[in-house]
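Peer 1: predicted model, plus sequence, below.
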Amino acid sequence: MAEALKSPPEGRVTLRNVGWETYERLVEEDPNRSAPRFFYDRGELEIVSPSFEHEQIARVIASLVEYLLVELDVDVVSAGSTTFKREDLLRGFEPDASFYFPGKIPQVRGKRRLSLDAGDPPPDLVVEVDITSPSGSKLPIYARLGVPEVWRHDGERLAILRLQRQETGEERYDEIPESALLAPFRVPAGALSRFVEEGLTSERPAWMRRVREWARELREGS
């Protein structure tokens, strides 16, 4: 039987002893839902109902990624909050936003559904907004499913986390100053944080123009 552990203010509950079949049934009940979102790790299920603040930050970051890449002339496919899961690993997640970059785009473009179980690749970039509790617990899920980079926002700042292999052979996320996915354009986490903050308080057209101007400067300087 599933055991409820906690329910913080944002609308977050963690259940233990949840079977894979139960998790899949919850996911498939309404595949078009935007909330709640499910994170599954070998019997532990976290259910998140995002707050307005959470959703605003996530949408600003997703827009920032797309505006930035358009001006950098980098192709991208947005996978949004798609459910990514692998039964053999007993893990699954639904990110705030996710993206495929050029190396993987030929494998996913034009598809109606994605399935890691069927051999589709995980996204290159996951956006994770976690205001009410540390999102470190989700990082092992992303790592095990092979997500190379996570942009994590805690309500105050954006951090860039890169999946790295340690001397022990273990893979874990380390914080890095610039996005490895966007090298050689040198996109720093500090600048991304500032643009997210501006995007939450500025009129969208003016903010979009500033993002594009910055991206053009990055491109010209690369």
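Peer 2: It's in.

Peer 1: check the offset of the helix or strand where residue 127 lies from the chain's centre.
Peer 2: Take DSSP states H and E as the rule and residue 127 turns out to sit in strand 125-129. Per C-alpha atoms, centre = their mean, to the nearest Å, the displacement of strand 125-129 from the mean C-alpha position of its chain is 2 Å.

Peer 1: does anything pack onto that strand? Which helices or strands?
Peer 2: helix 52-72, strand 97-100, strand 149-153 (3 or more C-beta pairs under 8 Å, 6 or more residues apart in numbering; DSSP states H and E). C-beta coordinates here come from the backbone N, C-alpha and C atoms, glycine included.

Peer 1: what residues does the last one touch?
Peer 2: Applying C-beta atoms under 8 Å, 6 or more residues apart in numbering, the external contacts of strand 149-153 come out as 57-58, 61, 124-130, 135, 139, 142, 158-163, 173, 179-181, 192-193, 196.

Peer 1: quick one: strands adjacent to the next helix or strand after it?
Peer 2: Sequence order places strand 158-165 as the next helix or strand after strand 149-153, per DSSP H and E. Strands that pair with strand 158-165, judged by DSSP bridges, come out as strand 149-153 (antiparallel), strand 171-176 (antiparallel).

Peer 1: where does the nearest residue to residue 155 once chain neighbours are set aside land on pLDDT?
Peer 2: Once flanking residues are discounted, residue 155 sits nearest to residue 131: 4.0 Å by C-beta to C-beta, 6 or more residues apart in numbering. On pLDDT, residue 131 comes in at 85.

Peer 1: now do the one 5 residues further on
Peer 2: Taken from the predicted model, the pLDDT recorded for residue 136 is 61.

Peer 1: equivalent analysis for residue 60, please.
Peer 2: pLDDT at residue 60 comes out at 98.

Peer 1: what about the residue nearest to it when sequence neighbours are not counted, helix or strand, and which?
Peer 2: Spatial nearest neighbour of residue 60, chain neighbours left out: residue 199 (3.8 Å); criterion: C-beta to C-beta, 6+ apart. Using DSSP H and E, residue 199 falls within helix 189-201.
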